[in-house]
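>>> no sequence on this one, just coordinates:
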């Protein structure tokens, strides 16, 4: 048992040994299966390994792991939702237009990358950007759909382009 009064000097292997099972159990209750929970648990420890957080200074290891795990869980659900929407759209296509498994994988990876890129945008800005880039709508049409002025759409687009450029520089 870990003494709460004096925090242990954690190494990654100690952190993993002491808390992996607990984290996987917590994740399993959220995702509903052991395989996804195990993957998310491993991803959590990989993020910990890649982070700048000093494990030696870690006072609340479970809280830290939970924070990282919750972020990964949020990404997991976002990816799952995006994949489900894509599969539903594919189901509407005639059989001869359905892409190969390789093409579907490339499209899904591209969709995930776009979703991650646009994640920091406000919903209206994101929607304006997608209406412009994916649907080819002009600013007037976007303004009508979003029920805002064309000037607002221009501001939204400037914010979206700036966001994309800044993310690209990171």
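Done, it's in. From a predicted model like this one, the values you see are computed outputs, not experimental measurements.
>>> host element of the residue nearest the centre of the chain?
Against the mean C-alpha coordinate of the chain, by CA atoms, centre = their mean, the closest residue is residue 75 at 3.2 Å. Assessed by DSSP states H and E, residue 75 sits inside helix 61-91.
>>> ok, and what's touching the lowest-mean-pLDDT helix or strand in the chain?
Lowest mean confidence among the helices and strands of the chain (mean pLDDT, DSSP states H and E): helix 101-118, at a mean of 86. The set of residues external to helix 101-118 that reach it, using CB atoms under 8 Å, 6 or more residues apart in numbering, is 78-79, 82-83, 86, 90, 99, 126, 129-130, 160, 163-164, 167. In short, each C-beta sits where N, CA and C put it, glycine included.
>>> ChimeraX command for the buried members of the residues you listed?
Here is the ChimeraX selection string for the buried members of the contacts of helix 101-118, based on 16 or more other CB atoms under 10 Å:
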select :126,129,130,160,163,164
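>>> Output the contacts of helix 101-118 as JSON lines; include the columns pLDDT.
Formatted as JSON lines, these follow (pLDDT from 0 to 100):
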{"residue": "78", "pLDDT": "84"}
{"residue": "79", "pLDDT": "85"}
{"residue": "82", "pLDDT": "84"}
{"residue": "83", "pLDDT": "88"}
{"residue": "86", "pLDDT": "87"}
{"residue": "90", "pLDDT": "88"}
{"residue": "99", "pLDDT": "90"}
{"residue": "126", "pLDDT": "91"}
{"residue": "129", "pLDDT": "93"}
{"residue": "130", "pLDDT": "89"}
{"residue": "160", "pLDDT": "92"}
{"residue": "163", "pLDDT": "89"}
{"residue": "164", "pLDDT": "84"}
{"residue": "167", "pLDDT": "75"}
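>>> would you turn the contacts of helix 101-118 into TSV with distance to residue 15?
What follows is the contacts of helix 101-118, written out as TSV (distance: CB to CB, whole Å):
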residue	distance to residue 15
78	26
79	26
82	31
83	31
86	36
90	41
99	42
126	36
129	40
130	40
160	39
163	35
164	36
167	31
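>>> Tell me where the chain is predicted with low confidence.
1-10, 168-170 (pLDDT under 70).
>>> Can you tell me how far residue 65 is from residue 90?
The gap separating residue 65 from residue 90 is 36 Å, by CB to CB, to the nearest Å.
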